[in-house]
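[1] The sequence and its predicted three-dimensional model are supplied below.
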Amino acid sequence: MSSFKIFDIAGSGMSAQSVRLNTTASNLANAESVSGDPNQVYKARHPLFEAVRANLSKDNTTQAVRVRGIVENQAAPSAHYEPGNPLADTQGYVYSPNVNTVEEMVDMISASRAYQNNVEVMNTSKDLLLATLKLGQ
């Protein structure tokens with residue numbers, strides 16, 4: 001495997017964690033939104049990652065992390081009795097998303113640290129490659 005492939009691998013990890021951070025931010029931004037229809041209320045979204053390792057030839061191996069898709073949480077929304085709310089349905093209920101803010105904050109911290117780890121991998125690899133080049137001087 002080429003020494004430069006590490007940059008592709010760490011870059012794909014950074015890209016995947018960026019998608020994870022964006023979906024978490026979207027979930028947190030919509031955590032307090034309400035709807036009068038349980039089918040129209042916001043559903044928490046989470047990225048689905050896939051590890052990719054494809055042998056294209058004997059000496060050329062592609063490795064990466066890929067976002068396979070974004071899945072919606074299928075948990076039922078929370079119903080709150082608020083007959084004075086203009087969004088309330090005919091029975092007086094409004095529905096809140098199935099977003100757990102504590103889990104989302106933990107997910108955000110985890111994604112941020114994973115992104116930071118990939119940056120450190122890239123910086124360390126760069127430093128090692130520069131040190132290797134200096135050996136020839």
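    On my side now, so go ahead. Numbers count the residues shown, from 1 in each chain.

[2] Now do the contacts for the spatially most central residue of the chain.
    Most central in the chain under CA atoms, centre = their mean is residue 20, positioned 1.0 Å from the mean C-alpha point. Shown in contact with residue 20 (CB atoms under 8 Å, 6 or more residues apart in numbering): 47, 107, 111, 114. For the C-beta atoms, the positions are set from N, CA and C on the backbone; glycine is no exception.

[3] distance of the last one from residue 20?
    In this view, residue 114 and residue 20 are 8 Å apart by CB to CB, to the nearest Å.

[4] Wait, a helix at residue 49?
    No. Under DSSP: H, G, I helix; E, B strand; the rest coil, residue 49 sits outside any helix and is assigned strand.

[5] That one bridge partners, please.
    Listed beta-bridge partners, residue 49: residue 67 (assigned using DSSP bridges).

[6] my guess is it meets residue 66, correct?
    Yes. In this structure residue 49 lies within contact range of residue 66 using CB atoms under 8 Å: 7.2 Å.

[7] Looking at those two, which has the bigger crowd around it?
    Using other CB atoms under 10 Å, the more surrounded residue of residue 49 and residue 66 is residue 49, with 16 against 13.

[8] what about the more buried one, distance to residue 78?
    Distance, residue 49 to residue 78, using CB to CB: 28 Å.

[9] go on, residue 68?
    Taken as CB to CB, the span from residue 68 to residue 78 is 29 Å.

[10] again with residue 29
    On the measure of CB to CB, residue 29 and residue 78 end up 17 Å apart.

[11] Looking at those two, which one has more neighbours?
    Between residue 29 and residue 78, residue 78 has the larger neighbour count (other CB under 10 Å), namely 15 against 11.

[12] For the more buried one, list each beta-bridge partner.
    residue 96.

[13] Quick check, it in contact with residue 99.
    No. Under the criterion of CB under 8 Å, residue 78 lies out of contact with residue 99, with a separation of 9.7 Å.

[14] in the chain, which helix has the most residues?
    Using DSSP state H, we find that the single longest helix of the chain is helix 101-135.

[15] helices or strands up against that one?
    helix 5-29 (3 or more CB pairs under 8 Å, 6 or more residues apart in numbering; DSSP states H and E).
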